[in-house]
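>>> everything below, folded, please.
(3 chains)
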Amino acid sequence: MEDLSQYPLELPESDKPMVRFQNVTKRYGALTVLDDLNLDIAEGEMVSIIGPSGSGKTTVLRMLMLERIQGGVIYVDGKPLTHMQQRGRLVQASEKYLRQAREPVGMCFQHFNLFPHMTALQNCMEGPVQVLGMSKKNARERSEELLELVGLIDKKDQHPSRLSGGQQQRVAIARALAMRPKVLLLDEVTSALDPEVIGEVTEVIKGLVSAHNLTIMMVTHQMGFAREISDRVCFFFGGKIEEQGAPADLFDNPQRERTQQFLSAVKSAD
Amino acid sequence: MSYTEFLAEYGPRFLDGLQVTAIQFLLAAVLAVMVSLVMGLGKLSSNPALRWPAVAYIEFFRGSSLLVQLFLLFYVLPLFGLTFDKYVTGFLALGLNLGAYGAELVRGGIQAVPRGQWEAAYSLSMSPAKRMWRIILPQALLNMLPPWGNLIIELLKGTALVALIAVPDLMFEARQINGSTFLSAQSFGTALIMYFVFARFIVTPFMRWLERFMTRKLGRA
Amino acid sequence: MEWNWEFTWEIMPRMLVATGNTLIAAGLGYSIAIVLGLFLALAQRTPISLLTLIVREFVEFIRSTPLVLQIFFVYYVGPQYGIDLSPWVAGMIAIGLHYSAYLSEVYRGGIESVPVGQWEACRSLSLSTSDTYFRIIIPQALPPSVAGMGNYLVGIFKDTPMLSVIGVAELMHAANAIGGQHYRYLEPYTIVGVIFLLISLPSAGVIRVFETWVRRKLGMI
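All right, here's what the predicted structure looks like:
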């Protein structure tokens, strides 16, 4: 068992990033996917995560939302997410605590995962009504605003099966935003899309970055897009951050050999 | 009477019954497999003279109840001069009935073989019979073995109905013992456990083994 | 032996009343099975592994032992311990329990067919476990379950003749009684077979239509 007393119960105001990974380790059985990860993400920051498949980049997002970790602590907005306080000490978070702690985190998936038996509007209203306890009227107003924002207000009464992939992903973004998240996780949101509709989704994401004070972590294969909108890019390799920095630095002047290899391989594939 | 005494006294009769059940089960299973192959292939035939009888057979035996079919065979056929021994009637009804269900599995298994396999066999100029027997059926067999596992258990359970035409199987013995001892929990409970053990520890493991064996034999492992 | 139309018409009213009882028995048994089956399915998804294991084995036990024996067991074991059950009550318990085991498997399959991304989406919205099940997962598990649920409705209907063994006055019971009174088995048993065919043959089509209707109702096509 890991000694949890080395981790603060809460982060102090003076040193409070929106998300902090502190010594985080994630294993599947014998396979270590992330090894002693330390990463801070500031409020309002847009961070892109790139790397070859199997580098653990998607796992970084999934730990915030879907999976438990085997070592270290993750903090969101200064409070521990993976652990909770009990008699002045940190212990493994219960399912109930996890669910609550994850409320400020929203996520969009590669395959959208819209609820197929609900309309676009119902998809957006589900979380606010059922989880936040918002009135249906308020939830509808908010959801309609968000569908307007992603340019799909005229499709609000359509079921997902009637929407194109790009439209489904935009609804999924609206659904995540309806929970008023502080952190938005975008997990390869354009990877399952046909090339001609990728643009409509990236446009929406660009709008989010400029208009909201939202913290975004994005796993992507689109280097051009990452470069255009990120404040910072992290290159993952073998479960560790191999290199990170401002997009111009990382893409134009990579320091590490593996980064150079990866970027040139991606470039030649394009 | 303690349960141990009960078992000491009536155990042999339960075992006699189980033996009859096992024989009925085996004979019915063999019949069901043959019927399902014939009827399943028949239903897929492009020749209406083969297809329609198969469809009628399958619909009749699946549509009316097993117990009804058993009684029709046992009470009604003799009226037309067709008399079978009750043992024969028992596994005949079972095999004919479950064969109809099996035919649908055969049909489904064959249809699940990818189109490309048919085309490949065709491109080698195989005769239709060869194509079916050497290329399609072996693959279909793998597709349908898992549902056959369930069907075989249904067949085992179906054997209990032959007790109703006085075949002295496990079910029949349990009723007799219950009638003479009035120890219903013991009589029927013992039989239930014996059926369960037979299904769970003999039939199901055998079907699993068969699946593994066929998978290996067909090089899909 | 020749078919006697006069006799046929004479016994028809009795057979039709018994058909009503058969349908009631199937309906009641199915209602029990539908609800109980959901509990059996959900109990196997709890994090309590002992409960899961016990329910799993219970379901296996019910599924691999003969229904007719279970009917006897429920009917006769009660009185041994001072609980008298009427044939109807015992029959409904036995057949309802039997089919609840099957339906729990249908539900389980339906739930497992819901893509894992749907669970993840529920998590990403912090939905509670009960909201996740009842608002998101079960509505989606329904359409793929409809066919299986429909098949077992037909299945329970075709198994109701077994209730005759403890004296539930359904079709088979009426046919046995008429046959015994008049020493004519041809007509009553044939009528039973025809009635079963008439009801179960169109059922496959009806189930398909209903399945499409459910999907459309949920906006999934």
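
>>> buried ones in stretch B:168-183?
If you call a residue buried by 16 or more other Cβ atoms under 10 Å in any protein chain shown, then stretch B:168-183 has these buried ones: B:Pro168, B:Asp169, B:Leu170, B:Met171, B:Phe172, B:Glu173, B:Ala174, B:Arg175, B:Gln176, B:Ile177, B:Asn178, B:Leu183. For glycine as for every other residue, the C-beta is placed from the backbone atoms N, C-alpha and C.

>>> need the residues you listed in JSON lines with pLDDT and secondary structure, can you?
As requested, the buried residues of stretch B:168-183 are arranged in JSON lines below (pLDDT from 0 to 100; DSSP: H, G, I helix; E, B strand; the rest coil):
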{"residue": "B:Pro168", "pLDDT": "96", "secondary structure": "coil"}
{"residue": "B:Asp169", "pLDDT": "95", "secondary structure": "coil"}
{"residue": "B:Leu170", "pLDDT": "96", "secondary structure": "helix"}
{"residue": "B:Met171", "pLDDT": "96", "secondary structure": "helix"}
{"residue": "B:Phe172", "pLDDT": "96", "secondary structure": "helix"}
{"residue": "B:Glu173", "pLDDT": "96", "secondary structure": "helix"}
{"residue": "B:Ala174", "pLDDT": "96", "secondary structure": "helix"}
{"residue": "B:Arg175", "pLDDT": "95", "secondary structure": "helix"}
{"residue": "B:Gln176", "pLDDT": "95", "secondary structure": "helix"}
{"residue": "B:Ile177", "pLDDT": "95", "secondary structure": "helix"}
{"residue": "B:Asn178", "pLDDT": "93", "secondary structure": "helix"}
{"residue": "B:Leu183", "pLDDT": "91", "secondary structure": "coil"}
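
>>> distance check, A:Leu114 against B:Leu155.
As judged by Cβ to Cβ, to the nearest Å, A:Leu114 and B:Leu155 stand 44 Å apart.

>>> hang on, the earlier thing: near chain C too, which of the buried residues of stretch B:168-183?
Taking Cβ under 8 Å from any Cβ of the partner chain as the test, chain C is in contact with B:Met171, B:Ala174, B:Arg175, B:Asn178, B:Leu183 out of these.

>>> pLDDT value on the residue nearest to the second one when sequence neighbours are not counted, please?
This points to B:Ala174. Across the structure, with Cβ to Cβ, 6 or more residues apart in numbering or on different chains as the measure, the residue nearest B:Ala174 apart from its sequence neighbours is B:Ala191 (3.7 Å). B:Ala191 is assigned a pLDDT of 96 by the prediction.

>>> same question for B:Val76.
According to the predicted model, the pLDDT of B:Val76 comes to 88.

>>> could you count how many residues lie near it?
For B:Val76, the neighbour count with other Cβ atoms under 10 Å in any protein chain shown is 19.

>>> that one - that's part of a helix, no?
Yes: assessed with DSSP: H, G, I helix; E, B strand; the rest coil, B:Val76 lies in a helix.

>>> quick one: it and C:Leu186 touch, right?
Yes: here B:Val76 lies in contact with C:Leu186, judged by Cβ atoms under 8 Å, at a distance of 5.3 Å.

>>> chain B contacts on chain C?
Where chain C comes near chain B, counting by Cβ under 8 Å from any Cβ, the residues are C:1, C:60-61, C:63-70, C:72-73, C:76-77, C:79-81, C:158-162, C:165, C:172, C:175, C:179, C:185-186, C:189-190, C:192-194, C:196-197, C:200-201.

>>> quickly find the element holding C:Glu105.
helix C:87-113 (DSSP states H and E).

>>> go on, A:Gly106?
Under the assignment given by DSSP H and E, the secondary-structure element containing A:Gly106 is strand A:105-108.

>>> that strand and chain C, are they touching?
Yes: Strand A:105-108 lies within reach of chain C by Cβ under 8 Å from any Cβ, at A:Val105, A:Gly106, A:Met107.

>>> distance of the residue positioned nearest the centre of chain A from chain C?
By Cα atoms, centre = their mean, chain A has its centre lying nearest to A:Leu185, at 1.3 Å. Taking Cβ to the nearest Cβ, to the nearest Å as the measure, A:Leu185 and chain C are separated by 8 Å.

>>> just to revisit the earlier point, among the residues of chain C next to chain B, which are in helices?
Among these, the ones falling in helices (DSSP state H) are C:60-61, C:63, C:67-70, C:72-73, C:76-77, C:79-80, C:158-159, C:172, C:175, C:179, C:186, C:189-190, C:192-194, C:196-197, C:200.

>>> just the buried subset of those residues, please.
Counted by 16+ other Cβ under 10 Å, those give C:60-61, C:63, C:67-70, C:72-73, C:76-77, C:158-159, C:172, C:175, C:179, C:186, C:189-190, C:192-193, C:196-197, C:200 as buried.

>>> name the residues of the stretch 1-150 of chain A found near chain C, please.
Taking Cβ under 8 Å from any Cβ as the test, the list of the stretch 1-150 of chain A residues beside chain C reads A:65-66, A:99-100, A:102-103, A:105-107, A:109, A:111-119, A:126-127, A:130-131.

>>> before we move on, the earlier item: after the strand holding A:Gly106, which helix or strand is next?
Towards the C-terminus, the helix or strand next in line after strand A:105-108, according to DSSP H and E, is helix A:120-130.

>>> show residues contacting that next one.
For helix A:120-130, the surrounding residues in contact (Cβ atoms under 8 Å, 6 or more residues apart in numbering or on different chains) are A:114-115, A:118, A:134-136, A:138-140, A:142-144, A:146-147, A:152, A:155-160, A:163, A:171-172, A:174-175, A:178-179, C:125-128, C:131, C:135-136.

>>> let's see which of the residues you listed end up in helices.
Assignment to helices by DSSP H places the following of the contacts of helix A:120-130 there: A:136, A:138-140, A:142-144, A:146-147, A:171-172, A:174-175, C:131.

>>> list the buried residues for stretch C:28-40?
Judged by neighbour count (16+ other Cβ under 10 Å), stretch C:28-40 contains these buried residues: C:Leu28, C:Gly29, C:Tyr30, C:Ile32, C:Ala33, C:Ile34, C:Leu36, C:Gly37, C:Leu40.

>>> cool, stretch C:3-22 as well?
Applying a neighbour-count criterion of 16+ other Cβ under 10 Å, one finds C:Thr8, C:Ile11, C:Arg14, C:Met15, C:Ala18, C:Thr19, C:Asn21, C:Thr22 buried in stretch C:3-22.

>>> can I get that stretch in PDB, CA atoms only?
As requested, the backbone C-alpha atoms of stretch C:3-22 are provided in PDB (Å, rounded to 0.1, in the frame of the first residue of the first chain):
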ATOM      1  CA  TRP C   3     -62.800 -38.600 -37.700                       C
ATOM      2  CA  ASN C   4     -66.200 -37.900 -36.100                       C
ATOM      3  CA  TRP C   5     -67.400 -34.400 -36.800                       C
ATOM      4  CA  GLU C   6     -70.500 -34.600 -34.700                       C
ATOM      5  CA  PHE C   7     -68.300 -35.500 -31.700                       C
ATOM      6  CA  THR C   8     -65.900 -32.700 -32.600                       C
ATOM      7  CA  TRP C   9     -68.600 -30.100 -32.500                       C
ATOM      8  CA  GLU C  10     -70.000 -31.500 -29.300                       C
ATOM      9  CA  ILE C  11     -66.700 -31.100 -27.400                       C
ATOM     10  CA  MET C  12     -65.700 -27.800 -29.000                       C
ATOM     11  CA  PRO C  13     -67.300 -25.500 -26.400                       C
ATOM     12  CA  ARG C  14     -65.400 -27.300 -23.700                       C
ATOM     13  CA  MET C  15     -62.200 -27.100 -25.600                       C
ATOM     14  CA  LEU C  16     -62.600 -23.400 -26.200                       C
ATOM     15  CA  VAL C  17     -63.200 -22.700 -22.500                       C
ATOM     16  CA  ALA C  18     -60.100 -24.700 -21.800                       C
ATOM     17  CA  THR C  19     -58.200 -22.700 -24.400                       C
ATOM     18  CA  GLY C  20     -59.200 -19.600 -22.400                       C
ATOM     19  CA  ASN C  21     -57.700 -21.200 -19.300                       C
ATOM     20  CA  THR C  22     -54.500 -22.100 -21.200                       C
END
